[in-house]
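Novice: Mind looking at a prediction? Sequence and model below.
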Amino acid sequence: MGRFGPSNGMFTKLRVDWYRVAVAHPKLLRALGVISLASGALLLTGALPAAAIPGLTASGTGTVISAAPSLVNPPANQPQGVAVANGITYVSNGAGHSIDLYDASGAFVSAIALSSVAVPSPYPLAMVVSSDGSHLYVADDNTDGSVFDISTATNTLAHTFPVVGQPIAIALSPDDATFYVVSNSDSLVYAYATSDGSALGHSVSDGLYETAFHVMVSADGSKIYETMRDPVPVPPNTTGGLRILRASDLGEIGHVDLPNASGLAQSPDGSRIWVGSTDTAFQSVIAEFSPDGTATGRDVAVQSDPEQFIVSADGKWIYAVSRSTGLLDVVDTTAFTADFTGLSAGDPDQLALSADGLRLYSTNGAGEEVKVLSIAKLTLTSPAAVTPGTGATTFSAQITDGTSPIADYTTNTVTFDILNSSNAVVATGTASPDASGAASASIDLSSLPVGTYSVRATLDPIAGTVVVTATGFRVSDSAGLAATGIDATLPTILGIALLGTGATLVTVRRRAARRGA
């Protein structure tokens, strides 16, 4: 054993004979000892790690849904289709034979007239936007069917493609090369090239289901999904369902029996598809399937007849509207639970989301209106750390919905709850948002013991309670250490080790000095 260091094993090459260092370099050893003692003391007092260890921000976001002013349509509108592209909301005006344009504030801008096109009494219905937003394709629900191709760059009619009669639903392939329509006359799916409108083929009836509702292309473009109901009364298939077609030739590759299948959507990556269904007892669900139609075993109860729904861009939410009540359900696709909002979306014919996801549009041809719902964001921020005894601490929340001025939440209340590690409320504060959607509350945390806590903000808007939680802020004896959001154990161990090292070095220096004397 060498002095003050191991002499064998893995440490042999790394040992330092501090006695020899002390004799040869007494000032260096003394300096190292003083630095170690000082660093250890600073670590234990918490003065050092604030700058040495990255900080932590405690924050979280949630969704707020509330009613917004409906779009004011021109006369004789019968709005049934809606889509959003390049900041413009397009609404099909059935009775006015036009496509009406609205800006981001909801003001009417202009109309694209269709009455002069070479088809009898055009009646624009469902619509779909190309992936790059450059084209809008609109199904014309007439006996002599058409699809209108509108350039969104110039907002002019680029082409009128003749298609099967009475096209009531339309979808685009992911590469925008093919559009698919469903005919109300035979409930079959027809494919056409977007380049010139040439017919590419159609599906054939399998005798199982009678009336088509929606059509959707899989995320990879290989499959076509079609929901159907009101079945042909031939056993055993008497419940309606989901047809799965091969995109290349529209041949059926599978089907799923579902009572009165209606609404249809998929996750952004195409790994899950969702179908609305209502049984003979008027019990309705949104059921989940894999792309090949295999049930995942997850479904969620919603209001009756969920005929129209749309998925948020991040895939976290399904916004579903009941045909029977016109009211909105919001489905959490992670937990697969539904929140009944009580908000009216009318008698929906089609839904659309703004590009930022903060506006939900619902056309109501029978009610002559386009309902608009505001999907705002509630953001919670809190300090990363608090030192006991410092008094009141400010916690803040901000509501933003992409409009100016913000929707009025001044009559609502934001409740801030401080939760301990057992999720028990240990402190509370409340505030009302101001006209800009901001709310702050000062909460006295001086009596809380050292530990890690969560902050919960709860807002009660029209759509129901919105809860946001931020985790990770600490109450600590050291303001500097607490600001890091890191447990004090490691700095304490390091501090003790540095103190021990410093004391050892000083002792060695003194012994060497005596022997040298």
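Specialist: Now that the structure is in, tell me what you want to look at.
Novice: Tell me where the model's unsure across the stretch 401-517 of the chain.
Specialist: Residues of the stretch 401-517 of the chain meeting the criterion pLDDT under 70: 401-408, 460-517.
Novice: likewise the chain?
Specialist: For the chain (pLDDT under 70), the answer is 1-63, 76, 230-238, 384-391, 401-408, 460-517.
Novice: quick one, helices of the protein?
Specialist: Along the chain, counting by DSSP state H, helices occupy 18-24, 26-45, 49-52, 479-482, 489-516.
Novice: now residue 456: how far from residue 444?
Specialist: 17 Å (C-beta to C-beta, to the nearest Å). C-betas here are computed from N, CA, C, even on glycine.
Novice: These two: which has the busier surroundings?
Specialist: residue 456 (20 against 12; other C-beta atoms under 10 Å).
Novice: Look up the closest residue to the more buried one, ignoring the ones flanking it.
Specialist: residue 417 (4.4 Å; C-beta to C-beta, 6 or more residues apart in numbering).
Novice: Would you mind splitting this protein into its domains for me?
Specialist: 18-49+491-516, 56-61+378-479, 74-202, 203-347 (automatic domain parsing).
Novice: Minimum distance to residue 363: which of the ones you listed has it?
Specialist: domain 74-202 (4.4 Å; C-beta to C-beta).
Novice: and that closest one, how far from the chain's centre?
Specialist: The chain centroid and the centroid of domain 74-202 are separated by 28 Å under C-alpha atoms, centre = their mean, to the nearest Å.
Novice: One more: stretch 338-345?
Specialist: 17 Å.
Novice: can you list contacts of that stretch?
Specialist: By C-beta atoms under 8 Å, 6 or more residues apart in numbering, the residues outside stretch 338-345 that reach it are 65-67, 286, 300-303, 320-321, 326-332, 351, 360, 362, 364, 371, 373, 462-464.
Novice: and if we set it to 6 Å?
Specialist: 65, 67, 300, 302, 321, 326-331, 362, 371, 373, 463-464 (C-beta atoms under 6 Å, 6 or more residues apart in numbering).
Novice: Quick one: buried ones out of the residues you listed?
Specialist: 65, 67, 300, 302, 321, 326-331, 362, 371, 373, 463 (16 or more other C-beta atoms under 10 Å).
Novice: Narrow these to those in strands?
Specialist: 65, 67, 300, 302, 321, 327-331, 362, 371, 373 (DSSP state E).
Novice: between these, which is closest to residue 394?
Specialist: Closest to residue 394, out of all of those and judged by C-beta to C-beta, is residue 65, at 27.4 Å.
Novice: Is the closest one in contact with residue 376, as I believe?
Specialist: No: if you go by C-beta atoms under 6 Å, residue 65 and residue 376 don't touch, sitting 7.5 Å apart.
Novice: tally of neighbours for the closest residue to residue 104 other than its chain neighbours?
Specialist: Leaving aside its sequence neighbours, residue 104 sits nearest to residue 87 (C-beta to C-beta, 6+ apart; 5.4 Å). Neighbours of residue 87 under the rule other C-beta under 10 Å: 12.
Novice: How much space separates residue 87 from residue 74?
Specialist: Taking C-beta to C-beta, one finds residue 87 at 20 Å from residue 74.
Novice: Please apply the same query to residue 331.
Specialist: In terms of C-beta to C-beta, residue 331 sits 34 Å off from residue 74.
Novice: Could you do residue 167 as well?
Specialist: 24 Å.
Novice: Compare neighbour counts for the two and give me the winner.
Specialist: Set side by side, residue 167 and residue 74 show more neighbours around residue 167, with 27 against 15, by other C-beta under 10 Å.
Novice: which residues sit in contact with the more buried one?
Specialist: Applying C-beta under 6 Å, 6+ apart to residue 167 gives the contacts 139, 145, 181, 183.
Novice: at 8 Å instead, please
Specialist: 125, 139-141, 145-147, 181-184, 190.
Novice: next one: residue 305
Specialist: Contacts of residue 305 (C-beta under 8 Å, 6+ apart): 260, 262, 276, 278, 282, 284, 322-324.
Novice: Scan those residues and report the most crowded one.
Specialist: residue 276 (29 neighbours).
Novice: For the nearest residue to it once chain neighbours are set aside, the count of nearby residues, please.
Specialist: Sequence neighbours aside, residue 263 is the residue nearest to residue 276 in space, at 3.2 Å (criterion: C-beta to C-beta, 6+ apart). Residue 263 is flanked by 28 other residues according to other C-beta under 10 Å.
Novice: where's residue 374 relative to residue 107, distance?
Specialist: 16 Å.
Novice: swap in residue 285?
Specialist: 39 Å.
Novice: So these two - more neighbours on which side?
Specialist: residue 285 (19 against 10).
Novice: For that one, give me its contacts.
Specialist: 276-277, 299-302.
Novice: okay if I get those residues as TSV plus distance to residue 225?
Specialist: TSV is the format used below for the contacts of residue 285 (distance: C-beta to C-beta, whole Å):
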residue	distance to residue 225
276	12
277	14
299	17
300	19
301	22
302	19
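Novice: any idea which of these is closest to residue 208?
Specialist: So of the contacts of residue 285, ranked by how close each gets to residue 208 (C-beta to C-beta), first place is residue 277, at 15.3 Å.
Novice: neighbours around the residue found closest to that closest one once you drop the neighbours it is linked to in the chain, how many?
Specialist: Sequence neighbours aside, residue 258 is the residue nearest to residue 277 in space, at 4.3 Å (criterion: C-beta to C-beta, 6+ apart). With neighbours defined by other C-beta under 10 Å, the count for residue 258 comes to 24.
Novice: So residue 258 versus residue 207, what's the distance?
Specialist: For residue 258, the distance to residue 207 - C-beta to C-beta - is 17 Å.
Novice: just residue 432 next, same as before
Specialist: Note on residue 432: its distance to residue 207, by C-beta to C-beta, is 61 Å.
Novice: One more: residue 138?
Specialist: For residue 138, the distance to residue 207 - C-beta to C-beta - is 31 Å.
Novice: who's more crowded, those two?
Specialist: With other C-beta under 10 Å as the criterion, residue 138 and residue 207 differ in neighbour count, and residue 138 comes out ahead with 27 against 10.
Novice: tell me which of the ones in strands among the buried ones among the contacts of stretch 338-345 is nearest to residue 82?
Specialist: Of all those, residue 82 sits closest to residue 362, with 7.5 Å by C-beta to C-beta.
Novice: Alright, calling it a day.
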